[in-house]
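Chemist: With the input below, show me the fold.
(2 chains)
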Number of protein chains: 2
Amino acid sequence: MTGAGRPLREVGEEELIEQIARLVGDRSNRVSIGIGDDAAAWRPRAGHELVITTDTLIERVHFRLEWTDWEALGHKSLAVNLSDIAAMGAIPRLAVVDLAVRGTERDRDIADFYRGVQALARRFGVAIVGGDTTRSPLGVAVSITVIGESPRDGHRLLRRDAGRPGDLIGVTGPIGLAAAGLRVLERGLKTLDGNPVMQEHYHRPQPRVREGLLLRRCGVRAAMDISDGLLGDLQKLCRASGVAAIVDLERVPVPNAIKWAFPDWEEVALRGGDDYELLFAAPPAVFARVARAFARAGLLPPWKIGQLVEAGSAGPIVELRDVTGRCRPADARGFDHFRTG
Amino acid sequence: MTGAGRPLREVGEEELIEQIARLVGDRSNRVSIGIGDDAAAWRPRAGHELVITTDTLIERVHFRLEWTDWEALGHKSLAVNLSDIAAMGAIPRLAVVDLAVRGTERDRDIADFYRGVQALARRFGVAIVGGDTTRSPLGVAVSITVIGESPRDGHRLLRRDAGRPGDLIGVTGPIGLAAAGLRVLERGLKTLDGNPVMQEHYHRPQPRVREGLLLRRCGVRAAMDISDGLLGDLQKLCRASGVAAIVDLERVPVPNAIKWAFPDWEEVALRGGDDYELLFAAPPAVFARVARAFARAGLLPPWKIGQLVEAGSAGPIVELRDVTGRCRPADARGFDHFRTG
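Modeler: Model (predicted):
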C-alpha cells in the first residue's frame, strides 16, 4: 500500500472489475447474484426475486452527438440496460435515468432524449420512476439503472457461469450489424449497401426481452447479452463457466453485406460490439425446445454457432473452426475501455 | 414543436424536471411515488414497498479532485443517495455504482474510491451488487442508485407534499457547515477557525438514516433532505405541500464559527448546499414525540426552526422572521444547475 498503484491502461477492465468485486464483495444472504454477471439478483422475500442492472454511456466514448440524435440516444441508453435484464431471463419493471448535459442544450433536446427513453419503456411496460438531471460542462453522460423481476415460472435466472461441455452455443440474431454501422459512420460511407440497416442497428438496438424469457422457460441456464463483441463475450462466458468453446465461423449469422463491404469483416463483426443479441448455451434437447418455442412465438429461429467443450490445457479459450474443420484460437479480446483509446 | 426549443439556462432546473415528469409520467399502478420526491416508491407485492433513488456527481460541478481524495469521493457519492433514502424514512439495502474515469488514473485511486463507498455501505448494511466502470476522457462522473425498503411498521413514507399549516419545521442538525467547507476550499482559508469540521462536513456528509426511520415511526409525514440549501429546499417542500413557511432566523442552528467568518453567512449557510440533514414538518405533538424518541436513541434533539402556515396571496413562499418579529421574504432560490455557472 505504499506505491501509488498501476495505471489503468496496464491493469485493463477485467482485472479492475475483479479488484472492485474483491473490495465490495461482501454479499448479504439475500443477494443471489453479485458483481460479474449482466445483472445482480436480490431476494427481498421468499419467492420474490429482483434483478438490477446499470450502464453508463459517455459522449465520445459510447456515442457522438454528430452521429446520433437525442431521441436515438434515449432509446439506446435504455435498450442496453433492458438487454442486460433480458440476458437474465427477467421482466424489466422500473428505470431511473441520470442525464448529465453541457447546459448549452435546448429543452427540446432533453425532451427528445426522454421521448426516446419513454417510447422504448412503454413498449416493455417499464415505468420511469425517477432520475437526476445535472450539468456536465465537458460532455454528456447517461446512466440508467433498471430493476426487473423474475417471472414465477419455477426456473432460474440465466447466468454466465452455467455453461457446460456439450452445450450448443446459440445467438438470437445477426451479428456485426451495429459494429458495421459504427464503421459506416466513422468513415462516412454514405453509399454503402446495407447502410441504413447497419446504422439502425447501431443507433436502436432491440433488447431481446421476449427471447430471454423464452430461453429461461425452455430450461436454458447459461446466457449473456453481446455488448462487447461476440468473441470477447463468449470468452467471458467460457471463463465464468470453466469451459472452452468452438465456434463454426460459417455458422455465425454475419450478414453478407458486411462480408462484402469490409475485408476485415471478422474484426468488425466478431470483435465489434453493440449487437445486443443474446448469446446462450444449452444441451441439444433444450436447444431444440428453444427453436420450437421461438417458432411458436413468431420469432426467428436461434442460430447454432458452435459448441462448448471441456477446457484443455490452454484453459477456457475460444477457437474458430472453418468449413474444412481446421481450428485456430480466436483472438478473443473484447472491447476494453482502459486499454484502448 | 417547430422551433428548436429554449436554452436550458432560461428554462431552469425546476421547469425542466416538470417537463420530463410530463413526458415519462405514466405510472404503473404499483408505483406509489413517482418523479419529484427524494426517491420513488414501488410496491412489487402487497405489503412490500421498495424505495429507489439515484444521484450523479460530476467533476468540476459537484467536486474537484484537487480538493477531495478518492476515498472521500466514494463516501460522498453513496452518502447523498443514502440521504435520499433516509428522507423517505426507509432502510437502504442495495446499491449499484457507475464510475466513469479518465483512464489516466491508477488502480489504487479506483480502489480508494470503492473503499470509501464500501466503508459507508457496510455501516448501513448496504450491499454493493453491481455497477459499471467506464472511460470518460473529459472528466470523472459517478452515478449511484440505491434501493431501500419500507420497514413494516404500519407508517407511510415521508413525502415532500405532506406538510400542513400549523406544522412545526424541524432540522436534524447544524446548517451551513458543508457550504462553509466549500467556501474554505474555494478561497484557500487555511487558518480559519472551524476549518477541519467544515471540510469534514463538506467531504463526508452523514446520511440521517436512523433519524429518518425515527421520524416515520413517530408519525411524521413530511420530510426531505437538505441538499440544495435550506431555504431552497424548504421552498420545494412548501410548493409541493401548497403551504407557506415562516423561519425564525435565530433558531436555525448555524454554527457561530460561520457567522464570525463570513459576513454573508446567510447566503453561505441558508442557500449553500450539501448539508444532508433532514428537514421535516410535523404537528407540535408529533414534534415533541420526535424529540423524546431522538433523546431515547441517544441522538441530539431536532431543531425547531419555524412553522408552516396557510399560503396567502403570495403563494407558497418562505419568510424569514428575526428576533424582533419582523418578517421578510426569503430569496429562496436553491442551487440551479442550469441557471448558474
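Chemist: Grab the nearest non-local neighbour of the closest residue to chain B within the stretch 101-250 of chain A.
Modeler: Nearest residue of the stretch 101-250 of chain A to chain B (CB to the nearest CB) works out as A:Arg108 at 2.6 Å. In short, each C-beta sits where N, CA and C put it, glycine included. Residue nearest to A:Arg108 in three dimensions, not counting chain neighbours: B:Gly5, with 2.6 Å by CB to CB, 6 or more residues apart in numbering or on different chains.
Chemist: now do A:Ile58
Modeler: B:Ser136 (4.5 Å).
Chemist: What of A:Ala119?
Modeler: Nearest-residue entry for A:Ala119: A:His75, 7.0 Å, with adjacent residues in sequence omitted and distances by CB to CB, 6+ apart.
Chemist: Determine the three-state secondary structure at that neighbour.
Modeler: helix (DSSP: H, G, I helix; E, B strand; the rest coil).
Chemist: so what's A:Val51 up against?
Modeler: Contacts for A:Val51 (CB atoms under 8 Å, 6 or more residues apart in numbering or on different chains) come out as A:Ala39, A:Ala40, A:Ala41, A:Trp42, A:Ile85, A:Met88, A:Ala90, A:Ile147, A:Gly148, A:Glu149, A:Ser150, A:Leu157.
Chemist: circling back: okay, and the residue nearest to A:Arg108 sits in which element?
Modeler: Secondary structure assigned from DSSP states H and E places B:Gly5 in neither a helix nor a strand.
Chemist: Tell me how far it lies from A:Leu158.
Modeler: As judged by CB to CB, to the nearest Å, B:Gly5 and A:Leu158 stand 42 Å apart.
Chemist: These two: which is more packed in?
Modeler: A side-by-side neighbour count of B:Gly5 and A:Leu158, using other CB atoms under 10 Å in any protein chain shown, places A:Leu158 first with 27 against 16.
Chemist: Now the more buried one: phi and psi?
Modeler: For A:Leu158, the backbone dihedrals (degrees, to the nearest 10) come out as phi -70, psi 140.
Chemist: count of neighbours near A:Arg60?
Modeler: One way to gauge burial is a neighbour count; for A:Arg60, by other CB under 10 Å, it gives 16.
Chemist: Tell me the confidence at it?
Modeler: On the pLDDT scale, A:Arg60 is placed at 93.
Chemist: repeat for A:His337
Modeler: Note on A:His337: pLDDT of 69.
Chemist: re the thing from before, might one say that the residue nearest to A:Arg108 is in contact with A:Arg106?
Modeler: Yes - when contacts are counted by CB atoms under 8 Å, B:Gly5 is listed as touching A:Arg106 (3.5 Å).
Chemist: Pull up the residues of the stretch 101-250 of chain A that are close to chain B.
Modeler: A:101, A:103-111, A:114-115, A:117-118, A:121-122, A:125, A:127-139, A:141, A:143, A:145, A:147, A:149 (CB under 8 Å from any CB of the partner chain).
Chemist: Show the buried residues in those residues.
Modeler: Buried positions within those, assessed by neighbour count (16 or more other CB atoms under 10 Å in any protein chain shown), are A:101, A:103, A:105-107, A:109-111, A:114-115, A:117-118, A:121, A:127-139, A:141, A:143, A:145, A:147, A:149.
Chemist: Confirm A:Gly307 sits in a strand?
Modeler: To be clear, residue A:307 is Gln; Gly isn't right here. Yes - using three-state DSSP, the secondary structure at A:Gln307 is a strand.
Chemist: Check what pLDDT the nearest residue to A:Pro316 once chain neighbours are set aside gets.
Modeler: Of all residues beyond its chain neighbours, the one nearest A:Pro316 is A:Cys238 (4.1 Å), with distances taken as CB to CB, 6+ apart. Looking at A:Cys238, its pLDDT stands at 97.
Chemist: What residues does A:Cys238 make contact with?
Modeler: Residues touching A:Cys238, when contacts are defined by CB under 8 Å, 6+ apart, comprise A:Gly163, A:Ala244, A:Ala245, A:Leu308, A:Ala311, A:Pro316, A:Ile317, A:Val318.
Chemist: To what extent is the first one buried, counted in neighbours?
Modeler: By other CB under 10 Å, 27 other residues sit near A:Gly163.
Chemist: Check A:Arg321 too.
Modeler: Neighbour tally, A:Arg321, other CB under 10 Å: 18.
Chemist: do the one 10 residues further on as well
Modeler: Neighbour count of A:Asp331, defined by other CB under 10 Å: 14.
Chemist: Which pLDDT does the model give it?
Modeler: Confidence for A:Asp331, expressed as pLDDT, is 77.
Chemist: what about chain A, any weak spots by pLDDT?
Modeler: Residues of chain A that meet the criterion pLDDT under 70 lie in A:1-3, A:26-27, A:29, A:332-335, A:337, A:340-341.
Chemist: For chain A, just list every one of the helices.
Modeler: Across chain A, reading from the start of the chain, the helices by DSSP state H fall at A:8-24, A:70-86, A:107-123, A:177-187, A:195-203, A:209-217, A:230-241, A:256-261, A:265-266, A:284-296.
Chemist: deepest of these, which one?
Modeler: When neighbours are counted by mean count of other CB atoms under 10 Å in any protein chain shown, the highest per-stretch mean among the helices of chain A falls to helix A:70-86, a mean of 26.
Chemist: so what secondary structure elements neighbour it?
Modeler: For helix A:70-86, the helices and strands in contact under the criterion 3 or more CB pairs under 8 Å, 6 or more residues apart in numbering or on different chains; DSSP states H and E are strand A:48-58, strand A:91-101, helix A:107-123, strand A:141-149, helix A:195-203, helix A:209-217, strand A:222-225.
Chemist: Just give me how far that helix sits from the chain centre.
Modeler: Computed by CA atoms, centre = their mean, to the nearest Å, the separation of helix A:70-86 from the middle of its chain amounts to 11 Å.
Chemist: Dump that helix to CSV, restricted to CA.
Modeler: These are the backbone C-alpha positions of helix A:70-86, laid out as CSV (Å, rounded to 0.1, in the frame of the first residue of the first chain):
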residue,chain,number,x,y,z
TRP,A,70,-31.2,12.8,-28.8
GLU,A,71,-34.2,10.6,-29.3
ALA,A,72,-31.9,7.7,-30.5
LEU,A,73,-29.6,8.3,-27.6
GLY,A,74,-32.5,8.0,-25.2
HIS,A,75,-33.6,4.7,-26.9
LYS,A,76,-30.1,3.2,-26.8
SER,A,77,-29.4,4.2,-23.2
LEU,A,78,-32.4,2.3,-22.0
ALA,A,79,-32.0,-0.5,-24.5
VAL,A,80,-28.6,-1.5,-23.3
ASN,A,81,-30.0,-1.9,-19.8
LEU,A,82,-33.1,-3.8,-20.9
SER,A,83,-30.7,-6.1,-22.8
ASP,A,84,-29.0,-6.9,-19.5
ILE,A,85,-32.3,-7.7,-17.9
ALA,A,86,-33.2,-9.8,-21.0
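Chemist: what angle sits between it and strand A:141-149?
Modeler: Orientation note: helix A:70-86 sits at an angle of 40 degrees relative to strand A:141-149 (axes from the mean of the first three to the mean of the last three CA atoms, to 10 degrees).
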